[in-house]
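*Asks:* what's the 3D shape of this:
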Amino acid sequence: MAVGEAQLETWSAQGSIQQSAATYKTISGILNDSGSPYYLKDFDTFLQGSYGNDTNVWADSDVDIVIRLSSIFYSDTSELTAGDKANFDSKRSLSEYSLAKFKEEVTDWLTKNYGNRVDGSGKAIYVPGNGNRRDADVLACAEHHHYTSYPVYGTPTYLEGIVFWTRDNTKIVNYPKQHSANCTTKHQNTNGYFKPTVRIFKNIRNRMIANGSLQEGIAPSYFLEGMLWNVPNHLFGTSYQQTVINCFNYIYRMQDKSQLTCANGIHWLLRHGHPVCWPPNNHDTFMESFKKFWKEF
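*Replies:* Numbers count the residues shown, from 1 in each chain. Below is the predicted model:
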């Protein structure tokens, strides 16, 4: 047996966006309020995650919001030559303001506006929902530059991303803007099949968790988007059933998956011991569970 086209069409549908849009508008308004203690700093806010990438399904709840500090930035100079590193050091100026201080001020501001249930102890600041406002996770982060050159004259070259630190002081660098742009391009290049296919895989993942055949946390949505982003464009289309079969078989039958990347095109998708990569054993567990679910449905 296999999952029929009618069921897949249902699972391909985007979940409600009205409440998430209202939640983002409300919280973004608070974050950008001129009364905040950090208002004079340069920063911007944007959606990320399922709602930001239009891959949300009905079961998605928390809205992921990023507030990115640009007044200061953090750097990775590990790829610079000795000469370029010297150029970087000669022009670098230290700032007394820090991301830690920024997160503290954002947390205090959100607590002042939404009450003591706001929790800034995790990597993101949790803002509880109320009425029509959904729960939200606000990630306070800073701009990050991964330099590839720093000439004496001319413009330095670097990858621009975001950076934050987890509670155990692990540094996380990621590229949500590139992830979102690449997913949109993939969607356009697959005649609108990419994002519905992501939602089908997420719905199947959710049902496997609900029936106990897959442990929660094994297959985060971010990595499912990345996995499907690696599938060639011509394997999408004709029908959802054929697309799911094509995508699954393409990934499942790969002899070497080491060169697969996340949808940002920068991080490897499958690696052990990296916080921004999918552990290969978890990927394998998901694929085997998916195969069993599909056959037995």
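
*Asks:* Can you tell me how far the residue nearest the centre of the chain is from Pro176?
*Replies:* Per CA atoms, centre = their mean, the C-alpha nearest to the average position across the chain is that of Gly49, at 4.8 Å. The span separating Gly49 from Pro176 equals 9 Å under the rule CB to CB, to the nearest Å. From N, CA and C alone the C-beta is placed, and that goes for glycine too.

*Asks:* Tally up the residues packed near Gly217, please.
*Replies:* A count of neighbours around Gly217, defined by other CB atoms under 10 Å, yields 8.

*Asks:* Which pLDDT does the model give it?
*Replies:* Per-residue pLDDT puts Gly217 at 97.

*Asks:* how about stretch 176-195: buried residues?
*Replies:* Using 16 or more other CB atoms under 10 Å as the test for burial, stretch 176-195 gives 176-180, 182-183, 186-187, 190, 193-195.

*Asks:* Give me the below-cutoff pLDDT ranges for this protein.
*Replies:* Scanning the chain for pLDDT under 70 picks out the ranges 1.

*Asks:* And the strands in it, which stretches?
*Replies:* 43-48, 63-76, 125-127, 136-149, 157-165, 171-174 (DSSP state E).

*Asks:* closest to Asn113 out of the ones you listed?
*Replies:* When these are compared by CB to CB, strand 125-127 sits nearest Asn113, at 8.9 Å.

*Asks:* got the contact list for the closest one?
*Replies:* Residues outside strand 125-127 that contact it (CB atoms under 8 Å, 6 or more residues apart in numbering): 27, 103, 106-107, 110, 114, 118-120, 135-140.

*Asks:* From the chain's centroid, how far away is it?
*Replies:* In terms of CA atoms, centre = their mean, to the nearest Å, the centre of strand 125-127 is set 17 Å apart from its chain centre.

*Asks:* ditto for stretch 218-235
*Replies:* 13 Å.

*Asks:* Next: stretch 187-194.
*Replies:* Counting by CA atoms, centre = their mean, stretch 187-194 is centred 19 Å from the centre of its parent chain.

*Asks:* Let the chain start at 368 from now.
*Replies:* Happy to do that; since the first residue is 368 now, the last one works out to stretch 554-561.

*Asks:* For it, measure first residue to last.
*Replies:* From the first residue to the last, stretch 554-561 extends over 5 Å; the measure is CA to CA, to the nearest Å.

*Asks:* swap in stretch 380-389?
*Replies:* With CA to CA as the measure, the ends of stretch 380-389 fall 20 Å from one another.

*Asks:* got the residue ranges for the helices in the stretch 518-664 of the chain?
*Replies:* In the stretch 518-664 of the chain, the helices defined using DSSP state H, counting those that start in this stretch lie at 543-556, 561-577, 588-596, 607-619, 647-663.

*Asks:* got a list of contacts for the shortest one?
*Replies:* So that's helix 588-596. Contacts of helix 588-596 from elsewhere in the structure, counted by CB under 8 Å, 6+ apart, are 416-417, 420, 422, 546, 549-550, 553, 561, 564-565, 568-569, 572, 614, 618, 627-630, 636, 645, 650.

*Asks:* How about stretch 636-648?
*Replies:* If you take CB under 8 Å, 6+ apart as the criterion, stretch 636-648 is touched by 533, 537, 539-541, 587, 590, 593-594, 597, 624-625, 627-629, 634-635, 650.

*Asks:* Figure out how far that stretch is from the centre of its chain.
*Replies:* A distance of 15 Å separates the C-alpha centroid of stretch 636-648 from that of its chain, computed with CA atoms, centre = their mean.

*Asks:* Only C-alpha atoms, please: export that stretch in PDB.
*Replies:* Presented in PDB, the C-alpha positions along stretch 636-648 are these (Å, rounded to 0.1, in the frame of the first residue of the first chain):
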ATOM      1  CA  LEU A 636      23.300  18.500   6.300                       C
ATOM      2  CA  LEU A 637      24.600  15.300   7.900                       C
ATOM      3  CA  ARG A 638      27.400  15.300  10.400                       C
ATOM      4  CA  HIS A 639      28.000  13.900  13.800                       C
ATOM      5  CA  GLY A 640      28.700  16.300  16.700                       C
ATOM      6  CA  HIS A 641      27.700  19.600  15.000                       C
ATOM      7  CA  PRO A 642      24.800  21.600  16.500                       C
ATOM      8  CA  VAL A 643      23.700  22.900  13.000                       C
ATOM      9  CA  CYS A 644      23.800  19.400  11.300                       C
ATOM     10  CA  TRP A 645      21.500  16.400  11.400                       C
ATOM     11  CA  PRO A 646      23.100  13.400  13.100                       C
ATOM     12  CA  PRO A 647      23.300  10.700  10.400                       C
ATOM     13  CA  ASN A 648      21.900   8.000  12.700                       C
END
